[in-house]
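A.B. asks: all I have is the shape, not the residue letters:
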């Protein structure tokens, strides 16, 4: 998958240099106490970034989130296939009519026998903690089947997204971070082992709750010394949260103060030192994980007519989003916002939006009220890209259903896979469970799938999912199955 190669440059909306990576436009500076690129047009000092850590994380996400499920399309310049019978075990085969090469597709029956018991067990209420034992599978067999299942489910979700996210769609996406725990793999004094805390970023559809993307700051293939040296996360004193602040505009002000108090804007200290190490792989700085996340999200949403990004109030998350979506921001098909939401305990609520200009970036913030199922809430929106001079009349429309789908998703996930158990699992296994749960949340456990699915797709049938993937992965001369059919 192709990604942007250079991540340094201006990240200021409306600046003529915004998103432009040409180093000739900038000058190096340490005026603010850290290595930065100075933009002479708007006066910004974006911290200097190393490109390799971002690219390594983005490639890692692409390999797991968007697997190369159709290697046979590369058998020649313009492959086109005809059915070519079955193997002795019943696997379907196809032959390219141009290069005559024969390809064997996945066997729906074989994979169904292996993987359907796992899916059935979870649907029957067996917890991830007990699944292997309930199915009497050895660790080796269970690991092999989990890898196959997560690859299949991730592939299916990718197919659904490609089909559903067309030019007729204008998604509203809520992006927030979450701290996931996993096993560190490191020996500790007195045989005690502190789990690793992983900075995790999630992007969820504000209308339906469909989870588009989960990514984190663990680089498992950590064999690039220069990449690690530049991007390694160095735990410091953990920053204090501001969720206890009841007023959302005051919460926004305190968040800006916290960001300004850092040695540089993107040096987030999200966990204590004892939780900031991992034996296999490496923890990279959250700023690099945010840029990698946004590169993938940009490609997922590339075919939509417009997109609204509600971003966690964090300067480097904004920087990552405006870098990835810079072209769409300039042509006004992408708008970026910060947001805070809190239960409203103030009996003297104001009916009109409150307006405030915050931070040295002079960003316009508006506080509005919302009522959901008898509960009152405050919403604070910071307008990062659209220029507004008057309080918005439709700010609440950016929250068409749940006010915080990320909170809903992670609360349910942590109940399904308790952190106390996740702390005993490798990060690879935790990611597998995240993929399985994302599929169940997105497609199976809601009253209807959160995005439209293919008509031939039976969400709880492994055999159906494999057959669908086989059909979509090749272009047949006869019996063509359109990828846009739902």
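C.D. replies: Perfect, I can see it now. Please read all numbers here as calculations on a predicted model, not as lab measurements.

A.B. asks: surely residue 339 forms part of a strand?
C.D. replies: Yes: according to DSSP: H, G, I helix; E, B strand; the rest coil, residue 339 belongs to a strand.

A.B. asks: who does the residue nearest to it when sequence neighbours are not counted form a beta bridge with?
C.D. replies: Nearest non-adjacent residue to residue 339, counting by Cβ to Cβ, 6 or more residues apart in numbering: residue 310, 4.8 Å away. For every residue, glycine as well, the C-beta is placed using N, CA and C. Taking DSSP bridges as the rule, residue 310 bridges to residue 174, residue 337.

A.B. asks: buried ones in stretch 244-258?
C.D. replies: 245, 247, 248, 249, 250, 251, 252, 253, 254, 255, 256, 258 (16 or more other Cβ atoms under 10 Å).

A.B. asks: actually stretch 289-305, not the one I typed
C.D. replies: Buried residues in stretch 289-305 (16+ other Cβ under 10 Å): 289-301, 304.

A.B. asks: closest to residue 317 among those?
C.D. replies: Checking those against residue 317 by Cβ to Cβ gives residue 290 as the nearest, at 5.0 Å.

A.B. asks: how about the secondary structure of the closest one?
C.D. replies: Following three-state DSSP, residue 290 is assigned to helix.

A.B. asks: how about residue 385?
C.D. replies: Under three-state DSSP, residue 385 falls in the coil class.

A.B. asks: for residue 163, see how far away it is.
C.D. replies: Using Cβ to Cβ, to the nearest Å, one gets 28 Å for the distance from residue 385 to residue 163.

A.B. asks: so these two - more neighbours on which side?
C.D. replies: residue 385 (21 against 18; other Cβ atoms under 10 Å).

A.B. asks: need the contact list for that one.
C.D. replies: 13, 322, 329, 334, 335, 336, 337 (Cβ atoms under 8 Å, 6 or more residues apart in numbering).

A.B. asks: doesn't residue 371 lie inside a strand?
C.D. replies: Yes: assessed by three-state DSSP, residue 371 belongs to a strand.

A.B. asks: isn't it right up against residue 379?
C.D. replies: No: with contact defined as Cβ atoms under 8 Å, residue 371 and residue 379 do not form a contacting pair (11.1 Å).

A.B. asks: neighbour-wise, which of these two wins?
C.D. replies: residue 379 (21 against 11).

A.B. asks: about what we covered before: adding distance to residue 5, pLDDT and neighbour count, write the contacts of residue 385 out as a markdown table.
C.D. replies: Listed next are the contacts of residue 385 as a markdown table, based on distance: Cβ to Cβ, whole Å; pLDDT from 0 to 100; neighbours: other Cβ atoms under 10 Å:
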| residue | distance to residue 5 | pLDDT | neighbour count |
| --- | --- | --- | --- |
| 13 | 22 | 92 | 22 |
| 322 | 17 | 97 | 24 |
| 329 | 19 | 95 | 23 |
| 334 | 21 | 96 | 22 |
| 335 | 26 | 95 | 20 |
| 336 | 22 | 97 | 23 |
| 337 | 28 | 97 | 24 |
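
A.B. asks: so which of the residues you listed belong to strands?
C.D. replies: 334, 335, 336, 337 (DSSP state E).

A.B. asks: how about the first one, nearest residue that isn't a chain neighbour?
C.D. replies: If the residues on either side of it in the chain are set aside, residue 334 comes closest to residue 328, at 3.6 Å by Cβ to Cβ, 6+ apart.

A.B. asks: got a list of what that neighbour touches?
C.D. replies: By Cβ under 8 Å, 6+ apart, the residues touching residue 328 are 306, 307, 334.

A.B. asks: now these in TSV, with distance to residue 116?
C.D. replies: As requested, the contacts of residue 328 are exported to TSV (distance: Cβ to Cβ, whole Å):
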residue	distance to residue 116
306	40
307	36
334	41
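
A.B. asks: list just the nearest of those residues to residue 459.
C.D. replies: Using Cβ to Cβ, residue 307 is the member of the contacts of residue 328 that lies nearest residue 459, at 26.1 Å.

A.B. asks: for the closest one, phi and psi?
C.D. replies: phi -150, psi 140 (degrees, to the nearest 10).
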